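Novice: Got a predicted model here, sequence first, then my questions.
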Amino acid sequence: MRRTRPRPRRSLLPALLLGLLLSCAAAAEPAPVLGIGYLAWRPPPARPVASTLLDPPPEDEGVQGARLGLADNETTGRFTGQRFALEERIVRGPEEALEALRGLAAAGIRLVVADLPAPLLLRAAGLPEAEGVTLLNTGAPDDALRNEACRRNLLHILPSRAMLADALAQYLAVKRWRNLVLAVGPEEGDRLYAEAMRRAARKFGLRLVADRAWTYDPGAQRTDTGHLSIAAEAARFTQGTPAHDVLVVADEAGQGGGGWGGGWGDGLAYRTTEPRPIAGTHGLTPTLWSRVHEQWGATQLQRRFRARAGRWMTPRDHAGWLALRAIGEGATRARSTDPAAVLEAMRGPEFGLAGFKGTRLTFRDWDGQLRQPVLLAEPRALVSVSPQPGFQHQFSELDTLGTDRPETRCRLP
Amino acid sequence: MPPALTRAAMTALLLLGAAARAETVLVSNEKDNTITALDGETLRVIRTVPVGERPRGIVLSKDRRHLFVCAGDSDRVEVLDLETWRVVRHLPSGPDPELAALHPDGRRLFVANEDDNMVTVVDVERAVVLREIPVGVEPEGMGISPDGRHVVNTSETTNMAHVIEVESGEIVANILVGARPRAVVWEADGRRFWVSSEIGGTLTLIEREGWRVAGQVGFAVPGVPAEAIQPVGMALSRDGARLFVALGPANRVAVVDTRTRQVERTLLVGQRVWNLALSTDGTRLYTTNGVSNDLSVVDVAAMRVTRSVPVGQAPWGVVVRP
C-alpha cells in the first residue's frame, strides 16, 4: 500500500448535523429505528499457545466491521431520515448465544447478524422464538448450510467453502497447474475445506495426485531449534509425492496467523521436498477480504476501517460490514425501516450491493447465498480475482463459484 | 516528389490542420502520475508532465491557462500551467480529492473528498477553503448547473445525488439513484441532469423542477455479462440530442437518445473505459481506457471508432482545451 496511515475522523458538529437534518430531511417522515442484532460466539481460545505471536485474532473481530457498516448506514440515513441501531451480543458459550437470540427476538429485532459456527447457527435458526427472525451468517462457510441444511431464515454473507475452492480451482485451471497434492488438517473445518477442494478439482478438471492427512503436532516455533523439527515434518510429509504443480493446504484454524490453534500450514512453504507453491488456507488464499485489496475503491473502505478500529479489516470484519450494508441498502431501496420490507428488498431482483469487488452483489434465491467475486491473495499482494475470465455462465458468471441452482440440494418450502 | 519534400509538405499540412483545430487533449494517467497532452489534430503526444500522486479528475480553468489536477494520494489539487507545463501551485482540497467541478464564476472549485464524506469548496485564486459540506459516504461525481446556482454531488456508498445550493452551501435535495453513482452531467438548458451508477448499471435522469427522477436507463450488450456493464463517465453531444456513456469494463461507449432515453447503439472502444470528452467542434469523442492505456477516438457523425492513441498508464480523466 502506498499510504496506510489511519486518519483521524473529522468530527461532525452535532449542531451542523441537526441543522442538516432539519433543512434537508423535510421530505422524509420520521421512520422507526431499525434495530439490528449482532450475535457472536467467541469461545475462549482452544489452545493456550498460539502457533505464532503475529497477528493475534482481535477481540473485536467482526463487530468492528458491523459498527462501520452501521456508521455508513447512518450517514445515508441522515439524508433519508432513516435510523439504525446495533444491538451487540458477544457471548462465550453456545447456550448463552441462544439465550441472547431469544432476548433479541423478544425485543422485537428481526434482523440478526450471526457470527456463529454452523451447528450453533442451525440451532439458533431453529429456535421457536427465532421464527420471523432472519439471521445473516457471517461465521459459517459450511456448504451444508447452503444445501441439505438450508433454511428460509438464513442469508449467507460469507462465501461458502465451495465458492472459495472453486475460485482457487478456476485460477489453477487457467494457469494449467493441474496436478495437486492436498494436505488436510485434523479439524472438522479442514476436512470440509478439503472436501470442497476435491469437488472443485473435479468440477474444473484438476487432478489430486495425493490426498494426505497432516498428523503432526503444531507449536514448535518457540522451542529452541524448533525450525528443524518443522522442516523435518514438512519434508517427511512431502517425500514421495507424485509429480505435482501445487500443494494445497487445508488448515482453516491456522489461517491468518493461527491464533486459534492450528497453524501448521505456515510450516510447509520452502520446506517441501519439491519446490512447489502453496495454496488453499495458506500461501495463495481464496478469501472474502484481504488487507492487500485496493481495487474498485477498496482503499476507501480500508482507510475508513483503520481510522476507526486502529487495525486492518479481516474477512470476518468485512462480513460484518457487508451484512450491515446489505440491510442498509435494503432499507434505502424499500424506503422503509420495517424489517419485512427491508428483507423483501434485499431478496428482490432489483437489489444490488456495492461491496468493493467491482460488481454488484446479490442474493441467490435458491439458497440465500450472497453472490460475489472471491479474492485470491497472498500475504502481501492481490494475485487475482475469481471468477476467472472465460468461465462462462448463462445467468451470471458469479454462479460459476459455489453450488449453482441446478445442483443445489437446498429445498426451501 | 522527393521523399524529403513530401515530408515537408505533409508537415506543413499537419501544421495548417493543427492551426485550424488548435486544441489540446489532456489526459490524467492514474498510475504514471502524469498528464499527457496531445495535439487535437494529429493526436500526437506533445508532452508528458509529471504531477502529484494518483491524478484522476482534471478541470480546465476559466481562462484555459491552467489545469486543476486532483492528485488523490497527494491529498491536494495541483494547478498545472498549460504554457510552462509546470505545476505552479497547490490548492488545499481536503483529503483524497477525486473529482472536481469549477463554478462558472471561475473562482470556486467544488472538490469531492472520497475519504471524509465532504465536498470542499476552494477559492482557486486565494487558494483557501471557503466551505466544507458534509455529504454521503464516499463523495464522487460533481456537476454544476449551467447557471451556477446548484452543484450536484454523488456519494458512492450512500447511493445518492445531493443537490447543494451554491450560495448557501445547504443541501436542498437528496435523490436516491442506482448503486455506486459516479458522474453527473447537466443538460445545457439546466433543466435536467444525468447521473451514472456504476454498480447499479443504470443512468438516472433528474428534473430540476421538484428534483424529481424523470427516468432511468438500463443497458444490455449482447455477449457482455450484465455485471460488466458499469456506467461511469458521460458526455453530451453538442446539440444535446445524445448522451455518450462510458460502460467501464464492458469496453463500450453507449449512445443514448436524451429525448426518448433509448440506447441507440454501443461502440467498442479500449478496455475499462473511464471518461469521455468531446472535441471543441463536437465532431470527435475521446475516451480514456484505463486497462488498455489508450485513448479511443470516435467519429461522432459516422458513429465509428476511428483511432486508438497510446497515452500513459491507467488513463482516467480527459478534457479538451480549445
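Specialist: Nice, I can see it. Residues are numbered from 1 along each chain as shown, chains lettered A, B, ... in the order given.
Novice: can you give me the helices in chain A?
Specialist: Using DSSP state H, the helices of chain A run over A:14-24, A:63-80, A:94-106, A:118-126, A:161-175, A:188-203, A:226-238, A:298-309, A:315-334, A:339-347.
Novice: Output these in TSV; the columns should cover mean neighbour count and mean pLDDT.
Specialist: All C-beta atoms are positioned from the backbone trio N, CA, C, and that covers glycine. As requested, those are exported to TSV (neighbours: other CB atoms under 10 Å in any protein chain shown; pLDDT from 0 to 100):
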stretch	mean neighbour count	mean pLDDT
helix A:14-24	13	42
helix A:63-80	24	94
helix A:94-106	18	97
helix A:118-126	19	96
helix A:161-175	25	98
helix A:188-203	20	96
helix A:226-238	16	87
helix A:298-309	21	94
helix A:315-334	26	96
helix A:339-347	19	97
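Novice: Same list (the ones you listed) but as a markdown table, adding distance to chain B.
Specialist: As requested, the helices of chain A are exported to a markdown table (distance: least, CB to the nearest CB, whole Å):
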| stretch | distance to chain B |
| --- | --- |
| helix A:14-24 | 5 |
| helix A:63-80 | 4 |
| helix A:94-106 | 27 |
| helix A:118-126 | 28 |
| helix A:161-175 | 15 |
| helix A:188-203 | 20 |
| helix A:226-238 | 39 |
| helix A:298-309 | 5 |
| helix A:315-334 | 6 |
| helix A:339-347 | 12 |
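Novice: For residue B:308, find the nearest of these.
Specialist: Evaluated over the helices of chain A, closeness to residue B:308 peaks at helix A:161-175, with 26.9 Å, by CB to CB.
Novice: Quick check: residues of chain B near chain A?
Specialist: B:53, B:73, B:95-96, B:114-118, B:134, B:136-138, B:155-160, B:162, B:170-174, B:176, B:178-180, B:198-201, B:225-228, B:230, B:249 (CB under 8 Å from any CB of the partner chain).
Novice: So which of those residues are in strands?
Specialist: Mapping those onto strands (DSSP state E) picks out B:118, B:134, B:155, B:160, B:162, B:171-174, B:176.
Novice: Among the residues you listed, name the buried ones.
Specialist: B:118, B:134, B:155, B:160, B:162, B:171, B:173-174, B:176 (16 or more other CB atoms under 10 Å in any protein chain shown).
Novice: okay if I get those as TSV plus distance to residue B:61 and pLDDT?
Specialist: Formatted as TSV, these follow (distance: CB to CB, whole Å; pLDDT from 0 to 100):
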residue	distance to residue B:61	pLDDT
B:118	23	90
B:134	27	91
B:155	26	92
B:160	29	93
B:162	25	95
B:171	27	94
B:173	29	94
B:174	30	93
B:176	34	92
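Novice: biggest separation within those, which pair?
Specialist: Top of the distance list for these (CB to CB): B:118 and B:176, 20.4 Å.
Novice: Tell me the spatial nearest neighbour of residue A:139, not counting adjacent residues.
Specialist: Of all residues not flanking residue A:139 in the chain, residue A:115 sits nearest, at 3.8 Å (CB to CB, 6 or more residues apart in numbering or on different chains).
Novice: same question but for residue A:62, I mixed them up
Specialist: residue A:316 (4.3 Å).
Novice: Go ahead and confirm that neighbour touches residue A:140.
Specialist: No: Residue A:316 is not in contact with residue A:140 according to CB atoms under 8 Å; the separation is 11.3 Å.
Novice: all strands of the stretch 251-400 of chain A, in order?
Specialist: A:278-280, A:285-287, A:353-354, A:360-363, A:370-371, A:374-378, A:381-386 (DSSP state E, counting those that start in this stretch).
Novice: Just tell me which of these ends up closest to residue B:219.
Specialist: The nearest among those, by CB to CB, is strand A:360-363 at 13.4 Å.
Novice: How about residues contacting that closest one?
Specialist: Outside of strand A:360-363, the residues within contact range by CB atoms under 8 Å, 6 or more residues apart in numbering or on different chains are A:155, A:322, A:326, A:346-347, A:351-355, A:369-372, B:179, B:199-201, B:227.
Novice: at 10 Å what do you get?
Specialist: A:155-157, A:322, A:325-326, A:329, A:346-355, A:369-373, A:396, A:398, B:178-180, B:197-201, B:226-227, B:230 (CB atoms under 10 Å, 6 or more residues apart in numbering or on different chains).
Novice: By neighbour count, sort out the buried ones in those residues.
Specialist: By 16+ other CB under 10 Å, the contacts of strand A:360-363 give A:155-157, A:322, A:325-326, A:329, A:346-347, A:351-355, A:369-373, A:396, A:398, B:178-180, B:197-201, B:226-227, B:230 as buried.
Novice: one step back: and which of the ones in strands among the residues of chain B next to chain A is nearest to residue A:379?
Specialist: Nearest to residue A:379 out of those is residue B:155 (CB to CB; 32.9 Å).
Novice: so what's the residue most central in space within chain A scoring on pLDDT?
Specialist: The centroid of chain A falls nearest to residue A:158 when counting by CA atoms, centre = their mean (3.8 Å). Per-residue confidence (pLDDT) for residue A:158: 97.
Novice: Test my guess that it contacts residue A:368.
Specialist: No: when contacts are counted by CB atoms under 10 Å, residue A:158 is not listed as touching residue A:368 (11.7 Å).
Novice: State the distance from residue A:93 to residue A:100.
Specialist: Distance from residue A:93 to residue A:100, counting by CB to CB, to the nearest Å: 10 Å.
Novice: Overlap of the contact sets of the two?
Specialist: With CB under 10 Å, 6+ apart as the test, residue A:93 and residue A:100 both reach residue A:41.
Novice: Would you pull up how far stretch A:188-208 lies from the middle of the chain?
Specialist: 19 Å (CA atoms, centre = their mean, to the nearest Å).
Novice: What of stretch A:358-367?
Specialist: Taking mean C-alpha positions (CA atoms, centre = their mean), stretch A:358-367 and its chain are 15 Å apart.
Novice: Same question for it: list its buried residues.
Specialist: A:358-364, A:366-367.
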